[in-house]
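> Predicted model follows, preceded by the sequence.
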Amino acid sequence: KVEIIASENKYSGDITIPSTILVNNQQYEVVGITDSAFYECSTLSSITIPNSIKYIGQYAFYGCDMLSKTNYEGDIKGWCGIKFGGAYANPMSKSYNFYLNNQEIKLLCITYFGKYTQ
C-alpha cells in the first residue's frame, strides 16, 4: 500500500491522486495522505482524491491558501469514512467547494442517529 508524502518541490496547480500506482510491474493501492503532505503548497488550486484513500494526516492541507476545489471520486459514505488526522487534515478547511465525481455539492446535511458518547 502507498501513501502520498510531502515533496521537496511543492505541489501546485490541479493535482489528481491516482488510486493505484505501478512500480516494477507491481500494482499498489494508494490508501493515505501523510501528515503535512501538501503543507504550504500555496499554489495548489484543486485536489482530486480517489475513493481508495482511507486516511489523511494532520496538517496535510495547511497553508494551501489557493485551494478552491476538492473533488472526491466516490460517494458521500466513502468521504465520511475517511479518517482525518486533526487540524487541516480535511482539504475542505481551505477549499469550501466540494465535488463528488466532478459534480458540485452545494448543500449537504449529515444527520447522526446513533448514540452519542464521549
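Nice, I can see it.

> The helix or strand where Thr70 lies - which strands sit beside it in the sheet, and in what orientation?
Element membership for Thr70, per DSSP states H and E: strand 69-73. Sheet neighbours of strand 69-73, with direction, are listed as strand 44-50 (parallel), strand 98-100 (parallel) (DSSP bridges).

> So which of the ones you listed is the most surrounded?
Comparing the strands paired with strand 69-73 by mean neighbour count (mean count of other Cβ atoms under 10 Å), strand 44-50 ranks first with a mean of 20. The C-beta positions use only the backbone N, C-alpha and C, and glycine is treated the same way.

> Check which element follows that strand along the chain.
Using DSSP H and E, the helix or strand that follows strand 44-50 in sequence is strand 55-56.

> Give me the helices and strands touching that next one, please.
Other helices and strands packing on strand 55-56, by 3 or more Cβ pairs under 8 Å, 6 or more residues apart in numbering; DSSP states H and E, are strand 26-33, strand 83-84.

> Now for Asn24: which residues touch it?
For Asn24, the contact set (Cβ atoms under 8 Å, 6 or more residues apart in numbering) is empty.

> Spatially, which residue comes closest to Lys69, not counting chain neighbours?
Ser46 (3.8 Å; Cβ to Cβ, 6 or more residues apart in numbering).

> can you pull up the bridge partners for that neighbour?
Residues in beta-bridge contact with Ser46 (DSSP bridges): Asp14, Lys69.

> any idea of the pLDDT on it?
On the pLDDT scale, Ser46 is placed at 96.

> buried ones in the strand or helix carrying Gly78?
Element membership for Gly78, per DSSP H and E: helix 76-80. In terms of neighbour count (16 or more other Cβ atoms under 10 Å), helix 76-80 has its buried residues at 78-79.

> mean confidence score for it?
Here helix 76-80 scores 93 as its mean pLDDT.

> any weak-confidence spans in the protein?
Within the chain, the segments meeting pLDDT under 70 span 110, 112-118.

> Point me to the residue sitting closest to the centre of the chain.
Centroid-nearest residue in the chain, with Cα atoms, centre = their mean: Ile49, separated by 5.1 Å.
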